[in-house]
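# Mind looking at a prediction? Sequence and model below.
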Amino acid sequence: NAGVMQNPRHLVRRRGQEARLRCSPMKGHSHVYWYRQLPEEGLKFMVYLQKENIIDESGMPKERFSAEFPKEGPSILRIQQVVRGDSAAYFCASSLVSLNTGELFFGEGSRLTVL
Amino acid sequence: DQQVKQNSPSLSVQEGRISILNCDYTNSMFDYFLWYKKYPAEGPTFLISISSIKDKNEDGRFTVFLNKSAKHLSLHIVPSQPGDSAVYFCAARAIQGAQKLVFGQGTRLTINP
């Protein structure tokens, strides 16, 4: 009974390259959330997706960042032309239903380092 | 604009004693509060929650207290155990924008044997 799976766990990119982070939600979960944690800070909401739909992207930077959750396959968080400030831990979470109870199941995170 | 604040970056408690972690918030539209626990190199795991219509919720060794007038909540762990050593995040959910949680900065709890 696998939990939320994220890969890669660690990713190193040079400035200007692209980063792709993948997230497979828990089995049966159709709601996916992406959060970012900068060093010494709390988690910040980025985007909430359901299958094939972006529901709330109010936390996504306006440029270079995009997310998708296709009908088949994992959710993808894509960062184009990465900069040093993108270095952070990116956490994916999933839930069975809409966030009524507030309980999210988080993955172990993908740690992006931009050189 | 830090809507959820955990003013103590770290806390050290002796094993067997009570650990009290505090959290303050500014947004009166928050209607649900949660505590998450995080070990190094792992994702946060849900610990306990409380609705804004309650002032206390208890689950085993963990109790969360909510003081709405003061916009303050606290997590009590008693007795504290070495395995409780972790970073604890307070989080809140607003009635509008209910699909996202607002997290505090976290408090690193260390339980000393």
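Here it is on my side, so go on.

# leaving aside the residues next to it on the chain, what's closest to the most centrally placed residue in chain A?
With distances taken as C-alpha atoms, centre = their mean, the residue of chain A nearest its centroid is A:W34 (3.5 Å). In space, and not counting its chain neighbours, A:W34 is closest to A:M46: 4.4 Å by C-beta to C-beta, 6 or more residues apart in numbering or on different chains. The way it works is simple: take the backbone N, C-alpha and C, and place the C-beta from them, glycine included.

# Per-residue pLDDT of the one you found, please?
According to the prediction, A:M46 has pLDDT 96.

# Then A:T101?
What the model reports for A:T101 is a pLDDT of 62.

# I'd assumed the residue nearest to A:W34 was in a helix, is it?
No. Applying DSSP: H, G, I helix; E, B strand; the rest coil, one finds A:M46 to be strand, outside a helix.

# wouldn't it be in contact with A:S66 here?
No. The pair A:M46 and A:S66 fails to qualify as a contact (C-beta atoms under 8 Å) at a distance of 10.7 Å.

# Up against chain A, what does chain B have?
Contact residues (C-beta under 8 Å from any C-beta of the partner chain) of chain B with chain A: B:4, B:6, B:32, B:34, B:36, B:41-46, B:49, B:89, B:91, B:93, B:97-106.

# related to what we said a few turns ago, can you name every helix or strand that whichever strand or helix holds the residue nearest to the centre of chain A contacts?
Using DSSP states H and E, A:W34 maps to strand A:31-37. Judged by 3 or more C-beta pairs under 8 Å, 6 or more residues apart in numbering or on different chains; DSSP states H and E, strand A:31-37 is in contact with strand A:43-50, strand A:75-79, strand A:88-95.
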